[in-house]
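Asks: Need a 3D model of the following:
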Amino acid sequence: MAEIHPSALVDPRAQLADDVVVGPFSIVGPDVSIGAGTVLKSHVVVEGRTTIGERNVFHPGAVIGCTPQDKKYRGEPTRLVVGDDNVVRENCTMAVGTVQDEGLTVVGSRNLFMANAHVAHDCRVGSDVILANNVALAGHVTVEDHAILGGQAAVHQFARVGAYAMVGGLSAVIQDVPPYLICHLNPGRPAGLNTVGLRRAGFTDEMMRALRRAYGALYRENLTAKVACEKMRALEEEFPGAVEVLAHFRTFVETSARGIMR
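Replies: Residues are numbered from 1 along each chain as shown. This is a model prediction of the structure:
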């Protein structure tokens, strides 16, 4: 059965896998489910309707499944779902969703949330993401896979950060950051492709050439987003080995509700 420290408070209705570890002074609420191998180190609170996957590690002071910081919230039965193999460092917070959205906050797998990071209500965080110290995601934010957000960056509600994008520390993201880009400054501005990150992730020379052309169409040719996307679509025929990344770049721009940062 689960290893529960004598000072911890675990509601008997909570569902814990047999090898879950609940450390000193931690609290687990009645509507919580925690998967195999997950560790709550100490002083961790898991509350709300929260489902946590396997092999996650929560460090002291983390509050998971907390009430949304939204004045419209009235205690509706909304949820938080967390995947596998996440590391959640000290004092991080993750809120359940609200009925103004789908009532669900989702965090993927293999993410690193450094100290004091905040995932607000109705966020969608992908997998293999890094949120450095004090990063704050407002409500309804989407962060796609492999994105990195530097320390004290803040993302405006409903904004998106695309796959493999890198947001510099102290940046204020008030519009969507397209995939594969570096963004910095306050308010955030594009600063080229995340070349080092893409190379480390195994992007081929063809992919890199195609993305440079796509970036140029969007940011260097003074084109509207619509015309730039038409040029990106043409690039998919020119670079057959880069169709997937070009299509994702183009689709992200085409579906931007807040507009992309320019």
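Asks: C-alpha from now on. contacts and neighbour counts both.
Replies: Noted.
Asks: domain parsing for this structure?
Replies: The chain resolves into domains spanning 3-140, 198-254 when parsed by automatic domain parsing.
Asks: Distance across stretch 156-175, terminal residue to terminal residue?
Replies: Stretch 156-175 has its terminal residues 7 Å apart, counting by C-alpha to C-alpha, to the nearest Å.
Asks: Tell me which of the domains of the chain sits most buried.
Replies: Looking across the domains of the chain with neighbours counted as mean count of other C-alpha atoms under 10 Å, the highest average goes to domain 3-140: a mean of 21.
Asks: Can you give me the end-to-end span of it?
Replies: 35 Å.
Asks: quick revisit: can you tell me which of the domains of the chain comes nearest to Met166?
Replies: domain 3-140 (9.5 Å; C-alpha to C-alpha).
Asks: Show me how far the closest one is from its chain's centre.
Replies: 13 Å (C-alpha atoms, centre = their mean, to the nearest Å).
Asks: What is the end-to-end distance of stretch 42-61?
Replies: Stretch 42-61: ends 7 Å apart by C-alpha to C-alpha.
Asks: Give me the contacts around stretch 63-80.
Replies: Contact with stretch 63-80 is made by 44-51, 91-99, 103-107, 120-121, as judged by C-alpha atoms under 8 Å, 6 or more residues apart in numbering.
Asks: which ones among those residues are found in strands?
Replies: Using DSSP state E, the subset of those located in strands is Val45, Val46, Arg49, Thr50, Thr51, Thr93, Met94, Ala95, Leu104, Thr105, Val106, Val107.
Asks: and of those, the nearest to Ser33?
Replies: Nearest member of those to Ser33, counting by C-alpha to C-alpha, is Thr51, at 4.7 Å.
Asks: separation between the closest one and Glu254?
Replies: 33 Å.
Asks: Which parts of the protein are helices?
Replies: With DSSP state H applied, the chain shows helices at 195-200, 205-219, 225-238, 243-254, listed in chain order.
Asks: what residues are up against Val81?
Replies: Applying C-alpha under 8 Å, 6+ apart, one finds that Val81 lies in contact with Thr50, Thr51, Ile52, Leu104, Thr105, Val106, Val107.
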